[in-house]
Each structure stands twice: as structure tokens, then as C-alpha cells.
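J.: just to be clear, the model below is a prediction. Sequence and coordinates:
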Amino acid sequence: MYVHNTPSNKYNYNKVDESKHEIHSQVDAITAGTASVVNLTAGDPTDTDYTAVGCAITTISSNLTEMSKGVKLLAALIEDDTGGSNDLMGAARNLAGAVSDLLKAVEPASGEPRQTVLSAAGSIGQASGDLLLQIGENESDERFQEVLMNLAKAVANAAAMMVLKAKNVAQVADDTVLQNRVIAAATQCALSTSQLVACAKVVSPTISSPVCQEQLIEAGKLVDRSVEACVQACLSATVDGEMLKQVSAAASVVSQALGDLLEHVCHYSSHGEPIGRYDQATDTIMTVTESIFSSMGDAGEMVRQARVLAQATSDLVNAMRSDAEVEVDVDNSKKLLAAAKLLADATARMVEAAKVLC
């Protein structure tokens, strides 16, 4: 049917477009707030910053209220020839129900197991994606979300292997206190990776939002810290070199998997534009070097930063050597190899210096 391009039709079109963008913005805030709740409620409840949790919940609730109003307005504006408004309202109700489940699960007096919180958070991610799809504002394709979830699960799988190695250490520990510390650290490591997967589910539909990216990165930092705590607990519990070597190797696999996940997010946030071959590793080296200096006096943090520095340097050196092998200009090839050697030597000296200061 032909529709006249009247001022009224133009007004409706603009209003529909405006409503969609407002709903999208509100969904961004809901998913970011949900991820924040997941991150803030990690760990011992006695250490939880309930003021920050309350702020995140307020953000979720206020944006859900405004989103509901916007959805009703949008449903009234769009044509309902194919039941589109009914599907839209249904998607909004599903999101509201998922948020309600999360808020009940995180109540301090609820006594709900942590997995219930993570499942509720994951449901919000799914419902958010469905709602954005209904209004035509889904920003990340299915392939991206599939890769994101696979990378998050790869971190969890790597952490599961590390947990097994840590439990082997716990079994041979003579001191009961140290044994319990290893078990507790391994349990926290497994939980932090479950939180990472849940966080990835939540933010994947709205990953273009910088706040959502920050929450996923924060979840990654929690994993990184829990892995380091598990390694330190194992070091204190045994002197068995072979077992410690296995734990360290497993920790490196977790770090690599985590790096792959965050790199994937960085690629998307730059709108698919390739990141410079050396840029990410160089930025990491510069940042971590500064962190090492600022962490003087904190042995555990210095060791953790030194490990990150060693990994970033290894990645960069390997990239430079790889480029040198295919470089047709012999002089350029030699320069790349020389630079790679200088970088490797300098980093080795810095790591050794950090160990001495520890």
C-alpha cells in the first residue's frame, strides 16, 4: 500500500527512530549495571562494597523503568501488521523478569548460591539481545557473539585445568592451613572464571558501549588476580619443583586465553579495524613497566606485573622475529632481529631487578 509522505508520517518515523536509540541506550546501562553487580559481589560477602552495589542496582532499575515507557511508546508507533508490537512487548517483559530474578538473587538475605546470581545475569544478557533484535538495534553479529563466548569458555577451561594442578599441590601439602589456602584459592579461581563467562553473556549484545567493555575487562582482572593468588598459595604450600612447574604452565595458559578474549573485544571496539601488529604488546609493556615501578614495596603485585611483562615481551619478540623471517630487505630483517634481542635482554634485566626488589 502506498503511503503519502505527510508531515505526520515523517514525525512518526523520527519518533520511532528516536525511541529506538533511547531504548538502546537504556539497555546498554542495564547490561553494564548487571555486569557491575556480578563483579562487585564477587568474593567474600563481608568485603562487598554494598554502596557501589546499591548504585548499580539503582542504575538498572531506573533505566528499566524508562525503557519500559519507551517500549510502550514504540509499540504504539509501529505498525502491527505482523504482530511486531506484541513481540516487542514480550521481549521487554522477558528482560524485566530477568532483572527481577537478579535483584532477588543478590539480596544479602536471600541465601541464593552464587551460580543462581550468575545464571540470572546471563538471562539478562540473552533478554537484552532479544529486545535489541526486535527493535533492529542489535549491534554485534552472531559470529562475533559466538567467538566471544567461545573465548570466555576457553578461559574457564584453562582455569579448570589449573585448578586440578592446584588440587594436586593441596594433596601433598603437609601443613593443613596451607592446604586449605590452596583449596580456597583454587575455588576462587574457578568461580572468577564462571563470573567472566556470565559477564561475557551479559555484555555481548551491547559490547560497543565503553562501560560494558570496562566491565568485561574488570571481570578479566578478577580472573587474573585469582590466578596469581592460586599460584602464590601453591608456592607457599610445596617445594615440589615439578608440581609448581605444572601450576605455572597452567597459569600461563589461562593468561593467554584471557588475553585472546580481551584482544577480541579490542578488535570489535575499534570497529573491526586491525590493531597494529605491535601496538597492543607495546602498550602493555609500557603500562606494566610503569605499574612495576608504582608497585615497589608490594612483592605480590610486582611478581604479577613482571609475569605480565614477560608474556607481552614474548609476544612482541615473536612477532618481530616472524616479520624478520619474511622481510625481503636484509637490512630491515637484521634491524628487526637486533631490536627483538635488545627488547628481550632489557626485559629480562628488568624482571630480574624486580625479583631482587621483592
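T.: The structure has been received and is ready for your questions.

J.: run through the helices of this structure in chain order.
T.: Assigned by DSSP state H, the helices in the chain fall at 7-40, 50-77, 84-105, 114-134, 142-172, 176-203, 210-237, 241-269, 279-294, 299-326, 330-357.

J.: list the buried ones in the first one?
T.: By neighbour count with 16 or more other CB atoms under 10 Å, helix 7-40 contains the buried residues 19-20, 22-40. (Glycine included, C-beta is placed from N, CA and C.)

J.: likewise the fourth one?
T.: Within helix 114-134, the residues that count as buried by 16+ other CB under 10 Å are 116-132, 134.

J.: now it against helix 176-203, angle please.
T.: Helix 114-134 and helix 176-203 are oriented at 10 degrees to each other (axes from the mean of the first three to the mean of the last three CA atoms, to 10 degrees).

J.: from the contact counts, what lies against helix 114-134?
T.: helix 7-40, helix 84-105, helix 176-203 (3 or more CB pairs under 8 Å, 6 or more residues apart in numbering; DSSP states H and E).

J.: average pLDDT for stretch 122-139, rounded please.
T.: What stretch 122-139 shows for mean pLDDT is 85.

J.: what do you get for stretch 266-281?
T.: Rounded mean pLDDT across stretch 266-281 is 55.

J.: residue ranges with poor pLDDT in the stretch 101-250 of the chain?
T.: 137-141 (pLDDT under 70).

J.: contacts for stretch 171-184?
T.: Ala166, Lys167, Val169, Ala170, Cys230, Ala233, Cys234, Ser236, Ala237, Thr238, Asp240, Met243 (CB atoms under 8 Å, 6 or more residues apart in numbering).

J.: can you select the buried ones from those in ChimeraX?
T.: Selection command for ChimeraX covering only the buried members of the contacts of stretch 171-184, criterion 16+ other CB under 10 Å:
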select :166,169,170,230,233,234,236,237,238,243
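
J.: wait, what's in contact with the closest residue in space to Ser204 that isn't next to it in sequence?
T.: Leaving aside its sequence neighbours, Ser204 sits nearest to Gln145 (CB to CB, 6 or more residues apart in numbering; 4.6 Å). Taking CB under 8 Å, 6+ apart, we find Gln145 in contact with Gly129, Ser204, Pro205.

J.: export these to JSON lines and tack on distance to Met89?
T.: As requested, the contacts of Gln145 are exported to JSON lines (distance: CB to CB, whole Å):
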{"residue": "Gly129", "distance to Met89": "17"}
{"residue": "Ser204", "distance to Met89": "24"}
{"residue": "Pro205", "distance to Met89": "19"}
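
J.: show me the contacts for Ser110.
T.: Lys104.

J.: which one is Ala75 nearest to, not counting chain neighbours?
T.: Spatial nearest neighbour of Ala75, excluding adjacent residues (CB to CB, 6+ apart): Ser85 at 3.8 Å.

J.: that neighbour contacts Ile78, doesn't it?
T.: Yes. With contacts counted by CB atoms under 8 Å, Ser85 reaches Ile78, the gap being 5.8 Å.

J.: how close does Leu337 sit to Asp323?
T.: 10 Å (CB to CB, to the nearest Å).

J.: pull the number of nearby residues for Thr176.
T.: 8 (other CB atoms under 10 Å).

J.: for the one 4 residues further on, same thing?
T.: Summarising burial for Asn180: neighbours were counted as other CB under 10 Å, giving 14.

J.: next, count neighbours for the nearest residue to Cys230 once chain neighbours are set aside.
T.: In space, and not counting its chain neighbours, Cys230 is closest to Ala185: 4.2 Å by CB to CB, 6+ apart. Close neighbours of Ala185, defined as other CB under 10 Å, add up to 23.

J.: what's the pLDDT at Ala56?
T.: Reading off the model, Ala56 has pLDDT 87.

J.: I'd say it and Val38 touch.
T.: No. Using CB under 8 Å, Ala56 makes no contact with Val38, being 9.4 Å away.

J.: hang on, the earlier thing: out of the contacts of stretch 171-184, who's nearest Asp329?
T.: Nearest to Asp329 among the contacts of stretch 171-184: Cys230, at 46.3 Å, using CB to CB.

J.: show the contacting residues for the closest one.
T.: Contacts of Cys230 (CB under 8 Å, 6+ apart): Met162, Val163, Ala166, Val182, Ala185, Ala186, Gln188, Cys189, Val247, Ala251.

J.: output those in a markdown table; the columns should cover distance to Leu342.
T.: Converted to a markdown table, the contacts of Cys230 look like this (distance: CB to CB, whole Å):
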| residue | distance to Leu342 |
| --- | --- |
| Met162 | 33 |
| Val163 | 38 |
| Ala166 | 37 |
| Val182 | 39 |
| Ala185 | 37 |
| Ala186 | 39 |
| Gln188 | 39 |
| Cys189 | 36 |
| Val247 | 32 |
| Ala251 | 28 |
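
J.: okay, which residue is most central for the protein?
T.: Computing the C-alpha centroid of the chain and ranking residues by CA atoms, centre = their mean puts Leu216 first, at 2.7 Å.
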